[in-house]
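[1] Here is the input, now give the coordinates:
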Amino acid sequence: MDSKRALSGTLISITAFTAFGTAATAWAESVPPVRIRTWTTSAQPDIPAIRPANKNKKIALDHVVQRSWNLREFRCLDNLWTRESGWNHRAQNSSSGAYGIPQALPAGKMSSAGRDWKSNPETQIRWGLAYIKGRYGRPCGAWGHFQSRNWY
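    Reported below is the predicted structural model:
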């Protein structure tokens, strides 16, 4: 019984569609044809290419991209870590003991990112970005904090 209802419903739908289709076809024949044009341009998007000359900055840029952060966030990170360590993965603050690119204090905190934290800039960058994300959300948040307090 259900299959008969489904079949009869289908037949009614087809009959209604055919009637409507005839009227639609007549209307469509009275409408002028649509012209489709394709436009081409030699203009390039205004996206500045970033190719850091510094190896450590290149590593950081790759990590920023992996986190889906934008170019502005990388610029904030660049400002922050340029002020903190000059991107030197062996930078050490003799008075506080802060160490590495992110100037972790105490330095040993970076061991959570890898045993090679003293010598591997990628380990330091990975740890530093996780720290920034956890405490400030994004590099621009950390940079803003640094600008107001001279530490992050």
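[2] what helices or strands is the helix or strand where residue 128 lies leaning on?
    Here residue 128, judged by DSSP states H and E, is contained in helix 121-136. On a contact count with 3 or more CB pairs under 8 Å, 6 or more residues apart in numbering; DSSP states H and E, helix 121-136 meets helix 55-66, helix 71-84, helix 139-149. All C-beta spots, glycine's among them, are computed from the backbone N, C-alpha and C.
[3] so is the residue sitting nearest the centre point of the chain in a helix, a strand, or just coil?
    Geometric centre of the chain, nearest residue: residue 68, 1.7 Å, by CA atoms, centre = their mean. Assigned with DSSP: H, G, I helix; E, B strand; the rest coil, residue 68 falls in the coil class.
[4] What values do phi and psi take at it?
    phi 60, psi 30 (degrees, to the nearest 10).
[5] same question, residue 104
    Per degrees, to the nearest 10, the backbone of residue 104 is at phi -70, psi 140.
[6] hmm, back to that, roughly how far apart are the residue nearest to the centre of the chain and residue 148?
    Distance, residue 68 to residue 148, using CB to CB, to the nearest Å: 26 Å.
[7] what does residue 61 give?
    Taking CB to CB, one finds residue 61 at 26 Å from residue 148.
[8] more neighbours, those two?
    A direct count of neighbours by other CB atoms under 10 Å for residue 61 and residue 148 places residue 61 higher, at 20 against 9.
[9] Can you say which of the helices and strands packed on helix 121-136 is packed in most?
    helix 71-84 (a mean of 19; mean count of other CB atoms under 10 Å).
[10] Check which helices and strands it sits against.
    Packing partners of helix 71-84 (3+ CB pairs under 8 Å, 6+ apart): helix 55-66, helix 121-136, helix 139-149.
[11] could you check the angle helix 139-149 makes with that helix?
    If you take axes from the mean of the first three to the mean of the last three CA atoms, to 10 degrees, helix 71-84 sits at 40 degrees to helix 139-149.
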